[in-house]
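Got a sequence here, can you model it:
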Amino acid sequence: MPARVHAVVVARSGHTATAQLTRTLEALRAQTLPPAAVTVVVAGNAASVRGLPGIGRIVEGIIEARTSTTFAEAVALAQPRVSPGSAVWLLAQDTVPEPEALQLLAGALERSPSAAISAPKLVRDDDEREIVSLGVSMSTLGRTVELAAHELDQGQHDATEDALGADVRGMLVRGEAPTVLRPDPALGGADEGLDLGVRARLGGARVVLVPQARIAVTSDGPAALPKRVAARAWVTRRAQLHRRLAYAPAALVPLHWLSLLPLALWRSITHLVGKRPAEVAPEWGAAIAAMLNIGGLVRARRAIREFHTASWSSIAPLRVSRTQLRQRLDDGHGSERGAVSELHFFGGGGAWAVLAALVVSIACFTKLLAWPALGGGALLPMRQTIGALWADATWGLRGLGEDLVGPADPFAAVLAVLGTLWPGAPSFALILLWLGALPLAVLGGWFAATRVTDRAGLRILGGVLWALAPTFLTALVQGRPAAVILHLLLPWVFHTAAVAHRSWGAAGAASVLTAGALACAPSLAPAFVLLCAVALVIALVSGRVRGAVRVIWLLIPSVALFAPLIWWQLRHGEPWALLADPGAIRPLGQAGADAAGRTLLATGFPSPDRAGWEWFAAAFSPWTPLLVAPVAVLALAAALSPRWRAGYALLLVAFSGLATSVLAVGVVVSFWQGAGVPLWPGTGLSLAWLGVVGAALVTLDTIVAVPRVRTVAAATAGLALAVVALPSFLAVHTAHTALGNGPESTLPALVAAQADGDADRGTLVVTPLNDGSLAVELVWGPSATLGAQTTMLSTATRHPDDGLAENAVDLISARDFDASAALAERGVGFVLLARTVGEQDRARSMREAAITAVDQRTGFVKAGETERGMLWRIEGDVAPRGELTAAQEATSRLVSTLQIIVVLAAVLLSIPTRASRRAARSRSRIVGRAAEEPMVLPRRRDRAGLGEEHEELVSDAGEHPPEDVQRTEPRPPGPEAESSSAAPAPGDEHQDTQHDAREASHHGADATQEGHR
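Numbers count the residues shown, from 1 in each chain. This is a model prediction of the structure:
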């Protein structure tokens, strides 16, 4: 047994730390084998420690260090006070050893001459039945692995003796061991015990575990890892990288050093996929710190070299293999354990509803199958290549206007994604969008309904009601691509955003979908900000800080995409232009800004034709709002239902959308051919309809006492809305639609053929208007495309002073100048004199006079009359279009890089993992379920659950706690466990135990059902 033991106790300053230190010192006095000397190192002001009663009888010395001193640095400060040959007992202010701890540790060293270090079993200070740490190892790549931690102590590890390392708290280092067996300050506060074990093994010694020696510890001591996720990730990763460089062969150290930054990039991606965004910044910080800590690395390698007598092969048997690591991270339950609310998409009839909607869609839009492209309304052709589609989505030269350089509308990125889905012919993707709009709407509505109800019939009703929304059908008939895409995205935004506070996976998906929705309808930005602010306040009031951070993330990708456009519009004094509708701007008919128009919006119809009833049955048209009334009444009743909280939340969504629609109607921020085009109020109505349908489902879901009332009410609402949709379903076949067989180019075939693939060739399109003015547009390439449209031009109140408009006016006037040379210098190769829609006598006479004027000019070769108008080709050499300057190229790269980083981070967060799926399925999909509310579970014999007689009720108050209560399962530490997207941090949410929902249904549903009825 060692003749002398010197205890080194590291403490912080402060009242709490002093109280903990007092307990530790009393435990040292109570040891059956008391230490010969005790040195206290205080990180901070040591006055409170010196003032402890009787401190001089226990402590031989007190050392005061700076506040930021780490545990390893503190031990190094106390080393000069340790007598030669004395064993060193490493303790902290919060380590309270049991009376026989030191005697057991010292006895282990006496019995094991080869052991240089003995380590105790660490248990929780407030619950000694839980093991905090007993033995540490590392993987083949150097990752720290706890051998026994955060599990109930039942003596199952008391026979364990050999380990690669252990927690540094409570370690007893043999007196004969050299001073290099001291904690390495360069580790930065983590893995000190593991590093000491590795050094001991390399020196021919070993670490022996003494499970009978127990020391109680807390989680906030100076030797404990930080509680905050980011700080913990920083210290652990920094220590791991330092050990990797210190242990590597000398020849490989430069290679490891150079790989730190690329490795940080790769691990950042894995952190995002693993739903650990808080560890991304620490990853880069740790890599940079390891690269700069050259002095600490040199000292660590020198210390290992001085004590190195054994080979690295002696460590290999004690490492954790990849298979063993995978087994430790797998709790053996797969993804089925604790499934509380299954989807039942196929068994519950959701798939059949989508298939039925596909049949209806093909029947309604049969003509589209024969069209190569979709035209009419606000539809235009798409770019012919994927590269061109994405070029329109980046900062740079725009596809319209002369040398117009600036940010792209975020809607261009949405179109690029859509066109990429059909790369052979991106324009055909619009036809597929229209054909799949109805089934996709049913699918989105069905999934959104899973957040409101678990009744299969009501989920189908939610999908049907969403697909039959009057604003959605109007957008389809009028040819509004942005409104159609928005309506398809909104239910998915709701589906993910409703649980964004639970997990990073849902928050990442919701942020991407929110960015897409706002790109389609920027006018919804105030409503989205309001709803996010309400969710943020609720999360903060509930004490869910992590949930609040996830809610804030919802708008970050949107801000990244809109930031360049916001900067542009503010710089040009057009802040209201940020609300402009994206895409092609066309006056397609919508509700007026008067009282009658706003009343029409309140009934759910965005246009005066009331979803086609004006032409279908004009006499019945004023009464069509009555068909929407059943859904509205059910929605309002949600405020009085047992789930009134969810009802009020959904009614807030409905109110924010309706307010957006009412305020937007009549607001003019965009222009087409000199005339103002008001904002489309249908986007606000889509958001309002989302809240209305959700609130109606809440009401129907809580009608438990009278099931037949629910059936009748649901059938009435669905059938009434189906009647409303009838004219829209017949619009294409009766030619009451703006849709048409779209051309592959908006320019004449000659222009499209010669400019195919040549974006440097411009076409000047001049259109005489009925008021005597001219509309001038410069189109680059073979066609004006949907992705090339930009709100920078459509919202401009002042024409850019580039001289192009003057050239166009002079071209058709009697002014004598070399028009062909002037236009050729600007890159214009063709001039098209187009007809305006509804051409009147004044515009016709202007067009005829313009034809005569251009024919008399030299340098213009008349190509003849085309479907688009009269066309001329300019003779001679046409100058290429100007390119970006070096500064503009740098700006483009910077903007694109930053946007890609943010969006990619959101996409990586949204990728599901096995752990995130398991965690999500262990919690109720329904948001806002009351504790006393019953849960509906389908019987095994009828998983569809479509009939009332096949539904079973299980009380949440009995078998299932509320949806915010999470299952607590023993789970070993590791990245997969930490990446569980639904697992709250300790103290973030209350945790309890849930039973498997299917097991509860099998054993207790029959009796519970009888009790409810």
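
What ranges does the stretch 101-250 of the chain have for its helices?
101-111, 192-202, 229-247 (DSSP state H, counting those that start in this stretch).

Not counting the first one itself, show me its contacts.
When contacts are defined by CB atoms under 8 Å, 6 or more residues apart in numbering, helix 101-111 is touched by residues 1-2, 5, 31-35, 87, 89, 115, 118-120, 170, 172, 174, 208, 210, 212-215. All C-beta atoms are positioned from the backbone trio N, CA, C, and that covers glycine.

and these, which are buried?
The neighbour-count test (16 or more other CB atoms under 10 Å) marks 2, 5, 31, 33, 35, 87, 89, 115, 118-120, 170, 172, 174, 208, 210, 212-215 as buried among those.

In strands only, show me those.
5, 87, 89, 115, 118-120, 172, 208, 210, 212-215 (DSSP state E).

Put together JSON lines for those residues, with pLDDT and distance to I552 on each row.
Formatted as JSON lines, these follow (pLDDT from 0 to 100; distance: CB to CB, whole Å):
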{"residue": "V5", "pLDDT": "89", "distance to I552": "52"}
{"residue": "A87", "pLDDT": "88", "distance to I552": "52"}
{"residue": "W89", "pLDDT": "90", "distance to I552": "47"}
{"residue": "A115", "pLDDT": "87", "distance to I552": "52"}
{"residue": "S118", "pLDDT": "90", "distance to I552": "48"}
{"residue": "A119", "pLDDT": "91", "distance to I552": "43"}
{"residue": "P120", "pLDDT": "91", "distance to I552": "43"}
{"residue": "L172", "pLDDT": "91", "distance to I552": "48"}
{"residue": "V208", "pLDDT": "90", "distance to I552": "49"}
{"residue": "V210", "pLDDT": "90", "distance to I552": "48"}
{"residue": "Q212", "pLDDT": "90", "distance to I552": "49"}
{"residue": "A213", "pLDDT": "91", "distance to I552": "47"}
{"residue": "R214", "pLDDT": "90", "distance to I552": "43"}
{"residue": "I215", "pLDDT": "91", "distance to I552": "41"}
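
Now render these as JSON lines, adding distance to R868.
Listed next are these as JSON lines, based on distance: CB to CB, whole Å:
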{"residue": "V5", "distance to R868": "96"}
{"residue": "A87", "distance to R868": "94"}
{"residue": "W89", "distance to R868": "91"}
{"residue": "A115", "distance to R868": "91"}
{"residue": "S118", "distance to R868": "90"}
{"residue": "A119", "distance to R868": "84"}
{"residue": "P120", "distance to R868": "87"}
{"residue": "L172", "distance to R868": "90"}
{"residue": "V208", "distance to R868": "89"}
{"residue": "V210", "distance to R868": "90"}
{"residue": "Q212", "distance to R868": "92"}
{"residue": "A213", "distance to R868": "90"}
{"residue": "R214", "distance to R868": "88"}
{"residue": "I215", "distance to R868": "86"}
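
Distance check, D220 against T67.
15 Å (CB to CB, to the nearest Å).

And these two? Which one has more around it.
Neighbours were counted for D220 and for T67 using other CB atoms under 10 Å; D220 has more, 15 against 10.

Dump stretch 316-329 to CSV, keeping only the CA atoms.
The C-alpha coordinates for stretch 316-329 follow below in CSV (Å, rounded to 0.1, in the frame of the first residue of the first chain):
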residue,chain,number,x,y,z
ALA,A,316,-5.9,-2.5,-29.8
PRO,A,317,-7.7,-5.2,-27.7
LEU,A,318,-9.1,-2.6,-25.4
ARG,A,319,-10.5,-0.4,-28.2
VAL,A,320,-14.2,-0.6,-29.2
SER,A,321,-14.6,-2.0,-32.7
ARG,A,322,-17.1,-0.5,-35.2
THR,A,323,-19.4,-3.5,-34.6
GLN,A,324,-19.3,-3.1,-30.9
LEU,A,325,-20.0,0.6,-31.2
ARG,A,326,-23.0,0.0,-33.4
GLN,A,327,-24.3,-2.5,-30.9
ARG,A,328,-23.9,0.1,-28.1
LEU,A,329,-25.8,2.7,-30.1
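
What about R301, how many residues nearby?
Using other CB under 10 Å, R301 has 17 other residues around it.

you'd agree it is in a helix?
Yes - when DSSP: H, G, I helix; E, B strand; the rest coil is applied, R301 is found to be in a helix.

ok, now which ones touch it?
Per CB under 8 Å, 6+ apart, neighbours of R301: A246, A250.

try it again with 7 Å
By CB atoms under 7 Å, 6 or more residues apart in numbering, the contact set of R301 is A246.

give me the number of residues near L90?
Neighbourhood size, L90 [other CB under 10 Å]: 29.

Number the residues from 310 up from this point.
Sounds good: first residue 310 from here, last item L399.

Please tell me how far it sits from V349.
Counting by CB to CB, the separation of L399 from V349 is 13 Å.

in which helix or strand would I find T1072?
Element membership for T1072 (DSSP states H and E) is strand 1071-1077.

List of residues touching that strand?
982, 1056, 1060, 1083-1089, 1117, 1121, 1132, 1136-1143, 1145, 1152, 1155-1156, 1159, 1190.

Thank you, goodbye.
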